[in-house]
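Chemist: the following comprises the amino acid sequence and a computationally predicted model.
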Amino acid sequence: MKSTAYFTRTILTYLEQRAETDPLFAKSFAKTDKNIDDCITYILNTVQKSGCNGFTDIEVYSMAVHYYDEDIIEVGNSMNGCHIAVNHVVELTEEEKAEARQEAIKKLQNEAYTKMKQPVKKAKRVELNPQPTLFDF
């Protein structure tokens, strides 16, 4: 299944928070035969079967909760080539911010080094109004 990591992380974060506050759901969420990959596959297949293109957060979260609540549920086949859009603000940890900064610095350094390695092209000197010489007459 190809799914954006951020989508998976968003769903998993919601489920973990719900399990912390809802003891009944915590039991369902702890089932050993359930996993986040199958949950995402279930959501994608449910969305595809509906024929709709957009869902609210609560609709998607409800599908995830339903997957964990049901003991017997048809997950469906994994999907390739689907496009998932998540419209949440990404909140990075300090470690992720530091890592992103280091990657950006490294990328900038590589671009600057590549630019410095390129040979400098000399501009040809072109005279716009050449002066005629005595030999031109």
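Modeler: Sure, I can see it.
Chemist: would you mind pulling the contact partners of stretch 112-125?
Modeler: Residues outside stretch 112-125 that contact it (Cβ atoms under 8 Å, 6 or more residues apart in numbering): none are found. To be clear about C-beta, it is placed using only N, CA and C from the backbone, and glycine gets the same treatment.
Chemist: ok, longest helix in this structure?
Modeler: Longest helix in the chain by number of residues (criterion: DSSP state H): helix 94-117.
Chemist: now do that helix: distance to the chain's middle.
Modeler: Remark: helix 94-117 is offset 20 Å from the chain centroid, using Cα atoms, centre = their mean, to the nearest Å.
Chemist: what residues sit buried inside it?
Modeler: By neighbour count with 16 or more other Cβ atoms under 10 Å, helix 94-117 contains no buried residues.
Chemist: likewise stretch 77-84?
Modeler: Buried residues in stretch 77-84 (16+ other Cβ under 10 Å): I84.
Chemist: next one: stretch 33-47
Modeler: Within stretch 33-47, the residues that qualify as buried by neighbour count (16+ other Cβ under 10 Å) are K34, I36, D38, C39, I40, T41, Y42, I43, L44, N45, T46, V47.
Chemist: just the ones of those in helices?
Modeler: Here DSSP H is the test, and the buried residues of stretch 33-47 give I36, D38, C39, I40, T41, Y42, I43, L44, N45, T46, V47 as lying in helices.
Chemist: so what's the last one up against?
Modeler: Contact analysis of V47 by Cβ under 8 Å, 6+ apart lists F55, M63.
Chemist: can you check the third one too?
Modeler: Under the criterion of Cβ under 8 Å, 6+ apart, the contact partners of C39 comprise I11, L15, A64, Y67, Y68.
Chemist: returning to that earlier point: dump the ones in helices among the buried residues of stretch 33-47 to CSV, plus pLDDT.
Modeler: Shown next, in CSV, are these (pLDDT from 0 to 100):
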residue, pLDDT
I36, 92
D38, 91
C39, 93
I40, 91
T41, 91
Y42, 93
I43, 92
L44, 90
N45, 90
T46, 91
V47, 88
